[in-house]
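Chemist: sequence first, predicted model second:
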Amino acid sequence: MTQIHSWNRSPARLRGGPPRNGYIGSVTSAGRRNLLLTAGFLLAIALTFVFGYRAGRHAHFLRWENEPIRGWMSLPFVAHAHHVPVETLYGAIGLDPQKEDRRPIRRIAREQKRPTEDLIQQLDQAIARIHPHAPESKGP
């Protein structure tokens, strides 16, 4: 009779038959279970980051979409925030579109010797022509 060691006391071994789920079987199933749990955890983290990023972008978009036009804003910024072509805004205040023009509206108004509020009003009207449902700016 063979001696049964403490590390080899599976129920199948004690009955005299071949081991069905011995040490190798338990390690393989535990490893498979750990692998599935790890993969599920990593998937959950990845989905959290993806949907968190999307929610953050949406919140940022909503924040600037309804922002009234201010004197510190540049025309490319206003065009981006209100989803209009920048050429339309330059045309609304009587300027030729210039590449890389980052001057604030306040400085453009000063250079044209016009009140900033007049430029802002003209920009609001140009945006309203493109997006009729957009509320007008309530800037200072």
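Modeler: That came through, no problem.
Chemist: immediately after the worst-scoring helix or strand of the chain on mean pLDDT, which helix or strand?
Modeler: Counting by mean pLDDT, DSSP states H and E, the chain has its least confident helix or strand at helix 11-15, which shows a mean of 55. Heading C-terminal from helix 11-15, the first helix or strand you meet, by DSSP states H and E, is helix 23-65.
Chemist: so what does that next one touch, helix or strand wise?
Modeler: Packing partners of helix 23-65 (3 or more Cβ pairs under 8 Å, 6 or more residues apart in numbering; DSSP states H and E): helix 75-82. (Glycine included, C-beta is placed from N, CA and C.)
Chemist: and the helix it packs on, how far from the chain's centre?
Modeler: The chain centre lies 19 Å from the centre of helix 75-82; the measure is Cα atoms, centre = their mean, to the nearest Å.
Chemist: could you point out which element follows that helix?
Modeler: Moving toward the C-terminus from helix 75-82, the next helix or strand (DSSP H and E) is helix 86-92.
Chemist: what packs against that following helix?
Modeler: For helix 86-92, the elements it packs on are helix 75-82, helix 116-130, judged by 3+ Cβ pairs under 8 Å, 6+ apart.
Chemist: now do the buried residues in it.
Modeler: By neighbour count with 16 or more other Cβ atoms under 10 Å, helix 86-92 contains the buried residues V86, T88, L89, Y90, A92.
Chemist: quick one: mean pLDDT over the helix or strand following it.
Modeler: For helix 86-92, the following helix or strand on the C-terminal side (DSSP H and E) is helix 105-111. Model confidence over helix 105-111 averages 94 on the pLDDT scale.
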